[in-house]
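> Sharing a model that was predicted from the sequence below.
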Amino acid sequence: MEPVRPSNFLEEIVADDTAAGTYGGRVLTRFPPEPNGYPHIGHAMSICLNFGLAQQFGGQTNLRYDDTNPETEREEYARALEDAVRWLGFDPAAVLYTSDYFERLYDWAVQLVKDGKAYVDSQDGEAIRAQRGTVTEPGTNSPFRDRPVEESLRLLDEMRRGLHPDGAHVLRAKIDMAHPNMKMRDPLMYRIRRGVPHYRRGLEWAIYPLYDWAHGQSDAIEGITHSLCTLEFDVNRPLYDWYLDAIGIAAPRNRQYEFARLNLDYTVTSKRKLLMLVNEGYVSGWDDPRMPTVAGMRRRGIRPEALKAFVEAVGVSKVNGRVDLALFEHAIRNDLNGLAPRALAVTRPLKLTLTNYSPNQTEVRNAPYWPHDVTPPEGAPLTRPLPFSGTLWIEQDDFALDPPKGWKRLSVGAEVRLRHAYVIRVDEAVTNGAGEVVEVKATVLSGTEAGGPDEGRKVKGVVHWVDALTAVPARFRLYDRLFAAAAPEDAGRDAATDAEAKAAFLGTLNPYSLTETSGYVEASLAFAAPDARFQFERLGFFGQDPVDSREDALVYNRIVTLKDGWAKRDASAETPTQGASKPAAAKPSSTAVSAADLLDGDAKARFEALVAAGAGREDAAVLAQDVPLAELFGAAQTAGGDAKTLGTLVAQDVRRLRSETVGAVFVPANLAHVANLLASRTISPAGARDVLASLASGGANVDAIVAEHGLSLVSNDDALAPAIADTLAAHPDEVARYRAGETKLLGFLTGQAVRRAGKGADARRLGELLREALASST
RNA sequence: UGCCCUGUAGCUCAAUUGGCAGAGCGCCUGACUCUGGAUCAGGAGGUUUCUGGUUCGAAUCCAGCCAGGGCAGCCA
């Protein structure tokens, strides 16, 4: 059963472009990391998205390093990023570097200066910042804004050759210092950074392009079609397009689309914060299995398949949300469930002595690696020998002196099955001076083994164990979430000082994120491949730590626990379920404010006049705030159009079409004509919208459009009757449900009838007829 | 309080573009089981943020409100 692949807005865009042949069917995306840190789960998402989207449409993806900042970038990071891509199973069409485009970028910059679209500003950073204005105030022009082209050209050349110190000059695009989008207020294109060697270009360049000046141009150079980035860059998109226009890249060209970044519960991806954890020793390194880095996840034992399935399950949208960790864990378990053989291990050993089993006796039985409901991978071994003797290790957690209600494990007097072996009856718990249980004594019930006469004996539960005589010692690293807070990034956001913010952030660390224990694994594990993953029954999925585990000193990482209904019951007793504790949402009291109430003097007057002229109040309020639209309404009314209908048409449909269709021009007489056709019910409301859309995209003759699209309203009962009959015949179930009282189905049935009757059908009349038909012929 | 983005189940996303509001995860119940796992069956959970408008019919179109997020690095 194929899971239904959720479609998303990006797939839709690419599908549309492919269908329309925008790029000749070509799809080329890019993964554009800056090599200034190790890849993390956020990068993984971007990789999956960019490569996955291209793959889906038969396209390809470039790996391109956005390496325009010599101060932070390193070859080491670049290699790690490429490793991550390949580990995830993707093959870049090319591995490229923005730093290889520096010459090209520079030539374009010179062209922009020559065209009067860029200039060298010789102010310092402080002055530039002060002149930028604020989000609510426009900026002011730099005194160097109109400096002669030749001078800018000369300075730019000198900057490039390293004749000026850092910060002495910058190159800026000449756009608009009063632009409401601050990114458009003469953004910087180049900065001087001459003492710092770039990891690939050395000291060849004394100036470096900024992100906006490099990114879109790099996309253009490579012929990228769809350039995906995270949401915060949406304000950069106008600049992206402005630069492409300025250097003369014509459509069809690369376009930028934004998606929401992935925020995972109990996880941070901030480079700064991850670095802090590493540098200050809160984790063992970038590849600490608790880290959300690709290296960490990999070391933990998570497979790329799980990561990809997770990203797929999360989907893409433009809503900044927070993904439940349970979804991630589900993906990991789901991946491993059919792949990891089952084995027995005990992480916190407690001695179990079987008093009626001879101490010298050992039996070995063949135990299945796979549960009955898992189909083993092709060629996988099906069983392994499992030794059993009179002294075993069991899990401390599996014995309770004072068992709570519903306990299905060991307690004095209880009968429990030892997995793959016998049912035992617990006789006695031996405690030490501190009252701690140090040994459990039990009786083997013979005949309860597989194949025995009493094999089917009903017991309360099943418990895992390891034979003490043959057990292999092992260390277990039991990982839990690194943070105790769901949104650790937010901690300390409002702190007064950096130190407080840091303390607040560190305070969200989970002190129990790593528990290391000593225990045992079953004998067969001594020969397991180091990279093999197992499910230790009832404990979780485990794999050997690739760094610390040795043949004679095994170290197992817990990749993920099993789902645990018992632990959950425990936890939910303390904290009431989310749903139940949800406070009766204090809804903001939204006093109904009509648009009309917000109008000021002039607009208020226009509003009154429009209402007096016959427009509806809502429509009049819209028109009153939009003078050209109000004038259009007036002109159309003068041309003889019905005022009420015209008001709606202009305030709603014309308003929308005007912004959707560039260069749409509406002739008042045409609008009047459409309004009257609608008012006289010669065309339907939907028909009127069609006509307006045609007019917006160049149509001129209303009657011709109506005729051509068959929009003339058909209200004649005889003409509508066949559609009714067909609909009733085609949907007997819905008809029955409707007659049984599910009256909301009238909408559905009307829709079906409208579809059958054709575009010009009078939906209102059709609905009436349908209702009658449904009521009568019971 | 300028411009931009976004509000659909607890979470993440769908809804054939105006016609029966669904899925996965999570949660609950039951069946099965030598894993308190898995699997299977069922269930709860929605005023589609809210208020108006248009329409035979609105999650979808129009207006406004409210809420969340982004933008004032010579970072990306």
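Yes, it's here. Residues are numbered from 1 along each chain as shown, chains lettered A, B, ... in the order given.
> domain ranges for chain A?
Split into domains by automatic domain parsing, chain A comes to A:1-92+A:260-337, A:105-210, A:341-571, A:595-701, A:717-776.
> Report the distance from the first one to the chain centre.
Right, domain A:1-92+A:260-337. With Cα atoms, centre = their mean, to the nearest Å as the basis, domain A:1-92+A:260-337 stands 10 Å off its chain's centre.
> wait, does it make contact with RNA strand B?
Yes. Counting by Cβ under 7 Å from any atom of the strand, RNA strand B has neighbours in domain A:1-92+A:260-337: A:3-4, A:6-9, A:12, A:32, A:34, A:66, A:68-69, A:72, A:260, A:313-324, A:326-327, A:330, A:333-334, A:337. C-betas here are computed from N, CA, C, even on glycine.
> now the last one
Yes. Judged by Cβ under 7 Å from any atom of the strand, domain A:717-776 and RNA strand B are in contact via A:734, A:737, A:744-748, A:750-752, A:754, A:763-764, A:767.
> mind putting those residues in JSON lines, secondary structure included?
JSON lines is the format used below for the residues of domain A:717-776 next to RNA strand B (DSSP: H, G, I helix; E, B strand; the rest coil):
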{"residue": "A:Glu734", "secondary structure": "helix"}
{"residue": "A:Arg737", "secondary structure": "helix"}
{"residue": "A:Lys744", "secondary structure": "coil"}
{"residue": "A:Leu745", "secondary structure": "helix"}
{"residue": "A:Leu746", "secondary structure": "helix"}
{"residue": "A:Gly747", "secondary structure": "helix"}
{"residue": "A:Phe748", "secondary structure": "helix"}
{"residue": "A:Thr750", "secondary structure": "helix"}
{"residue": "A:Gly751", "secondary structure": "helix"}
{"residue": "A:Gln752", "secondary structure": "helix"}
{"residue": "A:Val754", "secondary structure": "helix"}
{"residue": "A:Ala763", "secondary structure": "helix"}
{"residue": "A:Arg764", "secondary structure": "helix"}
{"residue": "A:Gly767", "secondary structure": "helix"}
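> Check these and tell me the two furthest apart.
For those, the farthest-apart pair by Cβ to Cβ is A:Arg737 and A:Arg764; their separation is 23.0 Å.
> so of the residues of domain A:1-92+A:260-337 next to RNA strand B, which ones are in helices?
Using DSSP state H, A:Phe9, A:Glu12, A:Ala313, A:Val314, A:Ala326, A:Leu327, A:His330, A:Arg333, A:Asn334, A:Asn337 are the members of those that sit in helices.
> Please tabulate those residues in CSV and include pLDDT as additional columns.
CSV is the format used below for those (pLDDT from 0 to 100):
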residue, pLDDT
A:Phe9, 94
A:Glu12, 93
A:Ala313, 95
A:Val314, 95
A:Ala326, 96
A:Leu327, 97
A:His330, 97
A:Arg333, 98
A:Asn334, 97
A:Asn337, 97
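> Taking the residues you listed, please make a PyMOL selection of just the buried ones.
What follows is the PyMOL syntax selecting those of those that are buried according to 16 or more other Cβ atoms under 10 Å:
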select buried, chain A and resi 314+330+333
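> Now list the buried members of the residues of domain A:717-776 next to RNA strand B.
For those, a burial check counting by 16+ other Cβ under 10 Å picks out A:Glu734, A:Leu745, A:Thr750, A:Gln752, A:Val754, A:Ala763, A:Gly767.
> Now compare the ones in helices among the residues of domain A:1-92+A:260-337 next to RNA strand B and name the two farthest from each other.
Farthest-apart pair in these is A:Glu12 and A:Asn337; separation 32.7 Å (Cβ to Cβ).
> Specify the local secondary structure of A:Gly52.
Following three-state DSSP, the label given to A:Gly52 is helix.
> Could you do A:Tyr119 as well?
Put simply, A:Tyr119 is strand when judged by three-state DSSP.
> likewise A:Pro387?
Following three-state DSSP, the label given to A:Pro387 is strand.
> Show residues contacting stretch A:455-466.
Stretch A:455-466 has contacts (Cβ atoms under 8 Å, 6 or more residues apart in numbering) with A:344-346, A:349, A:352, A:392-395, A:398, A:407-410, A:414-419, A:421, A:423, A:445, A:447-449, A:519-522, A:536-539.
> cutoff 7 Å now
For stretch A:455-466, the external contacting residues (Cβ atoms under 7 Å, 6 or more residues apart in numbering) are A:344-346, A:352, A:392-395, A:398, A:408-410, A:414-419, A:423, A:448-449, A:520-522, A:537-538.
> Check those residues one by one and keep those near RNA strand B.
Answer for these near RNA strand B (Cβ under 7 Å from any atom of the strand): A:Lys408, A:Arg409, A:Arg417, A:Arg419, A:Glu449, A:Glu537, A:Arg538.
> How about the fifth one, nearest residue that isn't a chain neighbour?
The shortest distance from A:Glu449 to any residue that is not its chain neighbour, by Cβ to Cβ, 6 or more residues apart in numbering, is 5.3 Å, and that residue is A:Tyr422.
> Just want to check the distance between that neighbour and RNA strand B.
8 Å (Cβ to the nearest atom of the strand, to the nearest Å).
> Quick one: neighbours of that residue, just the number.
A:Tyr422 is flanked by 22 other residues according to other Cβ atoms under 10 Å.
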